[in-house]
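Colleague: Let me see the structure of the following:
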Amino acid sequence: GSCDDVVYTNPLGKKCKGKARGVTSEQLLLAVLGALSAGQGYWTLYQLWSVMGIPPPSKTAFHNAADTLRDVIIKYAEESVVAAQDELVELLREGSDDVHRIEGREYYGAVLLADGAWGKRSRSQGSGTSDYGMASVMSDLTRKIIAYDVRQRSCVLCQRGCSKQDHECPKNWDASPQAMEADILSKKLLELMVEKGIIGRKLVMDGDCATIKHLGLQCARTMSC
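Modeller: So this is what the prediction gives:
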């Protein structure tokens, strides 16, 4: 059959348009979300729908839907992290006996879980060659993520010669991929202490000595400022 224009508006009010056949805009968004959540891309969805006898979407429709989902996911993640931080502070304020008062401000000790990952599944390969890395901090009390960040060493549009004025370049890292986790965790743990008064009294990690060492250096710089 012929391709029909699929126009949809995400919760942020952004209108997207692409070609798809026999599916609604909601179904297209859910299908793309499923593919991305599984770490897959357009051709995986194309093959799956072809086997199922469903006319697959065009690349334009897929990537527009992915852009829409990215905006929504980032907005939701940022809002949920702030809410989780406030929830943890409230619980610690009400029931924690590990309270430190420094210069008129209260700081609360908490058990925090922290870990990172790279864009490649193999640790031996991903830690040395991956262009993407992320890390997050979770509260042991609420089991919710209270901080996260991403490091990226490359930008596809920049590599294609596009001007930085024409797009939002995601590149924010030039050092080794092995240092991504340590950089993210050290900065986020310090931000939690400075902005929310949350101190990692006990850190549950995977024994990454580089992270502990980097955190110590960051704390030393903060204390000296």
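Colleague: and L69, what does it touch?
Modeller: Applying Cβ atoms under 8 Å, 6 or more residues apart in numbering, we find L69 in contact with 10, 29, 32-33, 36. Just so you know, the C-beta spots here come from the backbone N, C-alpha and C atoms, and that holds for glycine as well.
Colleague: change it to 6 Å
Modeller: Counting by Cβ atoms under 6 Å, 6 or more residues apart in numbering, L69 touches L33.
Colleague: Let's verify D86: helix, strand, or coil?
Modeller: Assigned with DSSP: H, G, I helix; E, B strand; the rest coil, D86 falls in the helix class.
Colleague: do you know how far it is from G200?
Modeller: Going from D86 to G200 by Cβ to Cβ, to the nearest Å gives 18 Å.
Colleague: Compare those two (neighbour count), which wins?
Modeller: Using other Cβ atoms under 10 Å as the criterion, D86 and G200 rank with G200 on top: 20 against 12.
Colleague: Looks to me like Y107 is in a strand.
Modeller: Yes: remark: Y107 belongs to a strand, assigned using three-state DSSP.
Colleague: ok, now which ones touch it?
Modeller: Contacts for Y107 (Cβ under 6 Å, 6+ apart) come out as 100, 197, 199.
Colleague: do that again at 7 Å, thanks
Modeller: Neighbouring residues of Y107 by Cβ atoms under 7 Å, 6 or more residues apart in numbering: 100, 193, 197, 199.
Colleague: Same list, those residues, but as TSV with secondary structure and neighbour count please.
Modeller: Listed next are the contacts of Y107 as TSV, based on DSSP: H, G, I helix; E, B strand; the rest coil; neighbours: other Cβ atoms under 10 Å:
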residue	secondary structure	neighbour count
H100	strand	12
M193	helix	16
G197	coil	18
I199	strand	18
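Colleague: Can you add distance to G109 and give these back as a markdown table?
Modeller: Output for the contacts of Y107, formatted as a markdown table (distance: Cβ to Cβ, whole Å):
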| residue | distance to G109 |
| --- | --- |
| H100 | 7 |
| M193 | 10 |
| G197 | 10 |
| I199 | 5 |
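Colleague: quick one: S163 from L157, how far?
Modeller: Distance of S163 to L157, computed by Cβ to Cβ: 9 Å.
Colleague: Show me which of these two is the more surrounded one.
Modeller: A count of neighbours by other Cβ under 10 Å puts L157 above the other of S163 and L157, at 15 against 9.
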